[in-house]
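1. Sequence first, then the predicted structure:
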Amino acid sequence: MPRRWFLAIRLALAVLEVTVALIAAAVVAALVIIDAWVLALLLVGVMGWLVFPHLALEYLVIPRGAYRLAAALGRRGPYADGARTGWFAAARALARAGAPADGAAWLLAQLPERVDAAVIAVHGVLAAGRDDRAEARRLLASIADTVDPCPSARALAGTWLALDAAERGAWDELTGEARWPATPLTFLLEAVAARATGAKAPSAVNLWLRWAIAPHRRATLPLVRAATRPAPPAPPAPAPVAGPAVDDARAAAVVALRQAQADRRPADVATAVTAWAAIVDEPAWLPTQQARGEALGLAPDQAALAATAMVEALTAQLAELVVAAHAPLPAPGPGLAGAVTARARARILDGVELELGLLHRRIAADQALPPIDEWREFLAVRQRYHDTVLAGGAELAQVAFPRANSALGDWAVWMWNQRRQHVVSHAITSWLYLQAQAVGDAAAVEHHGANRALRVPTT
Amino acid sequence: MAKSLFAGFDLGTTNSAVAVFDGEHTEVIRNAAGGAVTPSVVRIDKNGRVTVGQRARRFLEDDPDNTASEWKRLMGTGTTRAFPAAGLAKKPEELSAEILRALRADVADQLGVEVERAVISVPALFELPQSAATSEAARLAGFARVELLQEPIASALAAGWRADDDGTATWLVYDLGGGTFDASLLETRDGLLRVVAHDGDNFLGGRDFDWAITEHLAAELGRATGVTLERRNPAHAGALRLLRLAAEDAKIELSRATTAQVVLARPLVVDDRQLEVDLTLARATVEAITAPLIERSLEVCLRLLAGHGLGPGRLARVVMVGGPTIMPHLRQAVAARLEAGLAEGFDPMTLVAQGAALYAATTGLDGRATPATAVPSGGVKVWLQYPPVSADLTPHVVGRFVGASPPARLRLERTDGGWQSPDATVAADGAFVTLTSLVPRAASTFTLVATDADGARVAVEPATITIVAGLTISDPPLSRTIGVALASDHVQVYFERGAPLPTRRTFTHTTVETIAPGVADSVLRIPIVQGELEHAHLCRLVGTLELRGAELRATIPTGSAVEVTIELDRAGCLTARAHVAAIAQVFEHVAHLLVPDAAPAALDAALADQRKHLAAVRTDAFRHGLRAVLDKLGTVETLLATAEHDIDAAHGGDADAAQKARRTLLEVDAILADADLARSWPELDQEAQAAAIAATGAVASHGTAAERRLLDEVLAALERARRARDPAELGRQLRLVNRLRTAARERDPDIWPLYLEHAASSIHEASDLPAAQRLVTTARAAAAAGDHDGLRRAVKALWTMLPIDAETRRMGFDSGVR
Amino acid sequence: MILDADDPFAVLGVAVTSTPREIEREAQKLLGMLELGFADAASYPGPGGPRPRTADAVRAAAATLRDPRRRLAAELTAGAPTAASTPAAPPTTPRLAWPGALARTGWGPRR
């Protein structure tokens, strides 16, 4: 349902529902008056069947964590996609109860062998139940990367992610281009997000209408109230506390390093690298350290070794920070900064190659992981590639891609042919296709383009 | 007030000793037989009665099967020693426990004190399993608490704890024990002892001297009788053992006399022949035989000195430790080669035990479980903290009075009347800190003088304290670096050699594999290794933390963070813990490894392998004229010969020699790996140059503008990698070069007929032969018609039917080059 | 790592220029004070605020400064001004966060 018409359609539906309910109530009343009890009961039953399972699930069964009942109600209720609705309801009920191991095993045993959007969604909700929010976020967000259209899984992912973002106050995640189908609840949260971030905010009336059509109105009321209130003036930015003046360059560099160590922000890491390079690249620095080493009791060549070992240790620590900060690598050059770049580059590439090598070996040895774990592995490998290689810059991607291409390419083929995990395979291929385009590898683009076009059997 | 009693035990390969320190003097405890040292020999008779020491040693000749000696090097290996008469089998640590128990009983006999807490010395190069086994031995012997101390530190403490030189001096401890040789470089600075470095040979000791002499005697005997005694032959073991005991005696005799008679009371029985042994051994002969062994030890010393920028002649003194160092010619050789004076006046046999006792004092490890307390004087009780032994002449005394109304002030008065401290104010909670002043190189006793607010004297308990001025070392340092082996075969160092114990550290690692719950063979291993080498596989594996799929709560995907904490206690016992935040689970199961078993057959195979490897590397190096590689191989030949010798002995049942051979082979492995790298570089380099030329041609004629630009960048990077001699980076750039070349060549219409013929030639491997044949026909027709696109499509379709390998290799993604 | 969380000079409360003897004396005093539970020994002003001082930390710091090589490195990273000069970004409580959103709508574990 397009968001543009979402409110109108939903309002119309709501009006229709209320009208139908009123008419039905009137008819029932009339039937009672004319003593046609059987017909009245029949009508109440039909209306109840249409409305009851939904309300019971949402407000009674799931909140109480009754997962078996939730599964049964979902499966047998008047839903277009009964099986999935049952799984999702059971998963939510289990999550509510903290995802007990026996219950989770019971639910997982009912899922199909092949990973698809619904399977990922169930695992995601269960992870949330274990309070592993990061894993839940990863899995549910990854549903967008599947070729499986499954609207119910997407709606579920969208709802959970929106609530999670709301909980963290990360409203910017809910603005911008919509990735998920709208549900009444996410539609409301998107409006709150727009008001909170100040982007194209809908009017208060619009917001209240969205509230009216959304479920859990009591729970969302304070939020909507707060969102309609005019924003308080932003508190003045805290004036930087003046600490003791750092006149000594070395002390300043130590402070910069501590700062970079603490927050791992790219800018702070860059500052630390520059500060230390200015000190260490000074021609007089090494001799001074060497002299100090001798004064501390080291033999002359030992002192020289100790001084160079310090540069080495500094390089290693800064390189570690550059990698951890997911920052682009500066161009290779002389001096400490160049050494840090070279070290960080080697670390990233060695790490990626090692990981891909192990993956490649596993596939060659036909060592299968449970299907959902293959999917997790793909998400993890991709994440690491993004955080290190792609963050490191175009040159790094250029160098790393052939290795990724051969390992993940084989993986995708194996997942398709041997494991019959088409959704997983398709996601790997699609990702490789994008990477091949980015580095301009024409042969790989053609190869993965062709594989990507294969039809994925979905249920 | 009864004096403190600090005990130190030296658990040696051939001899053990115990010494105590009372705060002022060290005393070596003699055993029941009156000896200062107790042979490390255990005998168990058929009734299960255990005899140790000199009395057991006598049975080495008559009843070798039930008499064990020289098990120290086997500590932590998991081997057991059988005592057939009693039907028992004992682990090395159990045998050590017997020795410790006997020494402990000697102390009890002489001083009437049951030692509960003590310091035990271990070789500097002992690894964790061996240290853990030593702690276990102490526990079995009934000690409540022990700390381990490296032998060289103990020797240096004993030799120098009241040293005169106040400034900075460098010493060398030359410790030639029964089974191991340790050279340690120590430095004293302001009375504080510091281990600068040590080196050694875990498999060079007095017993090697004995074997050298034994083999000489066996050869002499062979010349006289025509019977060859072989260490390889288990049937000769008995005769060789007897000969060896005789050799040991002769060696000791030659320390005083110039010749010695080697006469056995009974004839040797070899291969059913009775051999009378009556040989003469000259000191000069023994000197000649043992010269290479002494040279080996001196090489270790010189290497150690050179590694720290010290030439011979820069040492203040050399401390000689261990029985074999009594040999006059050895002492002369050491003094001459190292150009340093030997520290005289110390007993090389008991120095280590004395040092261990001194160390017990510096750490306050009183031998009595409950320190003897003074008769209650009725004074105010005060808890005190001060160093029993101090290098610093003005150490602090920290204290706290017990009770609600502490005195107001406190001062210390030295009992010799030469000094008194200023009054220290006692805080409301009874706490105070004050300074002392010690008499150099002596024990100083101080009286605690406490006064109340009105200046009236208050009695305190204890009324006096004693502090000895002497050399100290503060914490037992770690003997070898400990870290975690990474998947890249590198080591993440947790604790560097010399780190003080106890210690703990946490690092965050990242997993490289996905571990799924419930999958039995899915295990994530975190190996803990010990050693200073850069590559993990060359270090000693001392334990493995295992995260087993069966125990997992949820999947640990690749790239998950694992926080690993390693902890070492003061006795060097290791515990480790892995915390996986993603699934909120902690793993503490450490599979403690033993020193790997060295089966003679496996050693044979490894030796043969390395010979082959050596030959291959050498041939190759000759062919390419690689001098540097050939130089590296120089030592390998000698090492392999040594290993072979030891493997022979291993076949004869010498488990110790087997361990030694395993070590040597590991060393060879490291050298060969290094040589391999040096050897493969020129090949890789050549390949890179060839690939660069080929790619330049192909891209120039058929590449796009973008590809040309990219190739320029890649060639520059390739050149950088060549200059830096970085094989990994060169391999990466090579892959890129090949990729660009392939892409460009595929645009060349003339290449496709060639690809077609190449593919057609391996058509028999196609997955669907008829379809492949049809494609070949189609392609040939397209080629004939000049339809390039049709040809290209057909060949590409054909490739998909051929085994994947052929295609990928051609694509140059994985050229087989690392 | 050249920069550890603990600056050994700060742990022992000694100047960068202090002699080995002064360092040992201070370490020994601190160990005694910690053993007897002196409140003023239990923490020290570290980078970014007071940090707990344990006997293990004191021993490790003394060992670091005893080894000339490690002391040289410690001197390089010692004595940075503490706290204040680098204000930690104030924890930004986003306006309008909805704590317990998942739990209150039946999507998360019961609180």
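-> Structure's in. What do you need?

2. and the residue nearest to residue A:250 when sequence neighbours are not counted, how many neighbours does it have?
-> Counting by Cβ to Cβ, 6 or more residues apart in numbering or on different chains, residue A:279 is the residue found nearest to residue A:250 once chain neighbours are left out, at 5.9 Å. The way it works is simple: take the backbone N, C-alpha and C, and place the C-beta from them, glycine included. Residues lying near residue A:279 (other Cβ atoms under 10 Å in any protein chain shown) number 16.

3. State which one residue of the stretch 301-450 of chain B is found closest to chain A.
-> Using Cβ to the nearest Cβ, the closest approach of the stretch 301-450 of chain B to chain A is made by residue B:309 at 3.4 Å.

4. mind checking the backbone torsions on that residue?
-> phi 70, psi 30 (degrees, to the nearest 10).

5. how deep is it tucked in, by neighbour count?
-> 15.

6. Could you verify my assumption that it touches residue A:302?
-> Yes. Using Cβ atoms under 8 Å, residue B:309 is in contact with residue A:302, at 5.3 Å.

7. List the buried residues for stretch B:215-224?
-> By neighbour count, with 16 or more other Cβ atoms under 10 Å in any protein chain shown as the criterion, the buried positions of stretch B:215-224 are B:215, B:216, B:217, B:218, B:220, B:221.

8. what does the average pLDDT come to for stretch A:276-292?
-> Stretch A:276-292 shows a mean pLDDT of 91.

9. Quick check: buried residues in that stretch?
-> A:276, A:277, A:278, A:279, A:280, A:281, A:285, A:286, A:289, A:290, A:292.

10. among those residues, which two are most distant?
-> Farthest apart among the buried residues of stretch A:276-292 by Cβ to Cβ are A:277 and A:292. That separation is 20.1 Å.

11. Which helix or which strand is home to residue A:400?
-> Secondary structure here is read from DSSP states H and E; on that basis residue A:400 sits in helix A:394-417.

12. shaky segments in the chain?
-> Went with chain A since none was named. A:1, A:199, A:230-247, A:458-459 (pLDDT under 70).

13. actually it's chain C I care about, not the one you picked
-> C:1-2, C:80-95, C:111.

14. For chain C, what lies in contact range of chain B?
-> Contact residues (Cβ under 8 Å from any Cβ of the partner chain) of chain C with chain B: C:19-21, C:24-25, C:27-29, C:31-33, C:35-38, C:56, C:59-60, C:62-63, C:66-67.

15. hmm, back to that, residues contacting the residue nearest to residue A:250?
-> Applying Cβ atoms under 8 Å, 6 or more residues apart in numbering or on different chains, we find residue A:279 in contact with A:249, A:250, A:253, A:285.

16. ok, and the closest non-adjacent residue to the third one?
-> Pointing back at residue A:253 there. In space, residue A:253 is closest to residue A:275, 3.9 Å off (Cβ to Cβ, 6+ apart).

17. about what we covered before: and the contacts of residue A:279 as CSV, adding distance to residue B:259 and secondary structure?
-> Formatted as CSV, the contacts of residue A:279 follow (distance: Cβ to Cβ, whole Å; DSSP: H, G, I helix; E, B strand; the rest coil):
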residue, distance to residue B:259, secondary structure
A:249, 74, helix
A:250, 69, helix
A:253, 71, helix
A:285, 65, helix
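
18. State whether residue B:303 and residue B:199 are indeed in contact, as I suppose.
-> Yes. At 6.3 Å, residue B:303 counts as touching residue B:199 under the criterion of Cβ under 8 Å.

19. count of residues packed around residue B:781?
-> Residues contacting residue B:781 under the criterion other Cβ under 10 Å number 13.

20. Please identify which helix or strand holds it.
-> Using DSSP H and E, residue B:781 falls in helix B:769-785.

21. got the angle for the helix or strand following that helix vs helix B:769-785?
-> Beyond helix B:769-785 in the direction of the C-terminus, DSSP H and E gives the next helix or strand as helix B:788-801. Using axes from the mean of the first three to the mean of the last three Cα atoms, to 10 degrees, the interaxial angle of helix B:788-801 with respect to helix B:769-785 works out to 160 degrees.

22. Correct me if wrong: the residue nearest to residue A:253 contacts residue A:252.
-> Yes. Counting by Cβ under 8 Å, residue A:275 touches residue A:252, with 6.0 Å between them.

23. Residue B:303 and residue B:199: who's more crowded?
-> Neighbour totals were compared for residue B:303 and residue B:199, and residue B:199 leads with 19 against 11 (other Cβ under 10 Å).

24. So for that one, what's the nearest residue that isn't a sequence neighbour?
-> Residue B:199 sits nearest to residue B:304 (Cβ to Cβ, 6+ apart), 4.3 Å away.

25. all strands of chain C, in order?
-> C:43-46, C:49-52 (DSSP state E).

26. Of the ones you listed, flag the one that's most buried.
-> strand C:43-46 (a mean of 16; mean count of other Cβ atoms under 10 Å in any protein chain shown).
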